[in-house]
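Asker: what follows is a predicted structure for the sequence shown.
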Amino acid sequence: MKKNANNKISPVTASRGNGRKIKNDVIFIAALLILAALAALALFVFRSEGDFVTVTVNGQLYGEYSLSENRRVEINQGENYNILVIEDGYASIETASCPDGICSSHRPVKHGGESIICLPNKVVIEVHSASNGAPDIIA
């Protein structure tokens, strides 16, 4: 670095170094964002459709149901209830007794690993694939 007569770094020299540092940071962040986008795209493209759903209530298995068979399942637990609808390979909650109703407004699920959760009623609906042992993608 160049120093002037008073042993101080000149502003011109200092700003050149900071400019390169900022440029390198921008390039690094852009590369990370591109890598994250590619990983998300790969997970989206290579995800597998589920074969069945499991329903757990308060941590206990309530039932397993095939996604290939259309049905309506009433999940009763005292005063609380959820109505699971399986239609055309998709699973969704039609109605629920919970006060907020977030689970019934959730989009239908059909891919392995997706889930619908009703926290007030402690109901979890998870989609599983028959090939659960093998990873979907290796990065």
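Answerer: Cool, the structure landed.

Asker: in a strand, residue 107, correct?
Answerer: No: with DSSP: H, G, I helix; E, B strand; the rest coil as the criterion, residue 107 is coil rather than part of a strand.

Asker: so for it, what's the pLDDT?
Answerer: On the pLDDT scale, residue 107 is placed at 94.

Asker: what's the answer for residue 16, then?
Answerer: Per-residue pLDDT puts residue 16 at 56.

Asker: go on, the one 10 residues further on?
Answerer: With respect to pLDDT, residue 26 scores 92.

Asker: what do you get for residue 84?
Answerer: 95.

Asker: quick check: it touching residue 124?
Answerer: No: contact between residue 84 and residue 124 fails when scored by C-beta atoms under 8 Å: they sit 11.3 Å apart. Yep, even glycine has a C-beta here, placed from its N, CA and C like the rest.

Asker: and those two? which has more neighbours close in?
Answerer: Comparing residue 84 with residue 124 by other C-beta atoms under 10 Å, the one with more neighbours is residue 84, at 23 against 18.

Asker: overlap in contacts, residue 84 and residue 124.
Answerer: residue 55 (C-beta atoms under 8 Å, 6 or more residues apart in numbering).

Asker: mind listing what's buried along the strand or helix carrying residue 43?
Answerer: Of the helices and strands defined by DSSP states H and E, residue 43 is found in helix 11-45. Under the neighbour-count criterion of 16 or more other C-beta atoms under 10 Å, helix 11-45 has nothing buried.

Asker: who are the packing partners of whichever helix or strand comes after it?
Answerer: Secondary structure here is assigned by DSSP H and E; on that basis, the next helix or strand after helix 11-45 toward the C-terminus is strand 52-57. With contacts defined as 3 or more C-beta pairs under 8 Å, 6 or more residues apart in numbering; DSSP states H and E, the secondary structure elements packing on strand 52-57 are strand 60-66, strand 71-77, strand 80-87, strand 123-128.

Asker: let's see 7 Å
Answerer: For strand 52-57, the packing partners by 3 or more C-beta pairs under 7 Å, 6 or more residues apart in numbering; DSSP states H and E come out as strand 60-66, strand 71-77, strand 123-128.

Asker: if anything else comes up later, I'll come back, but that's it for now.
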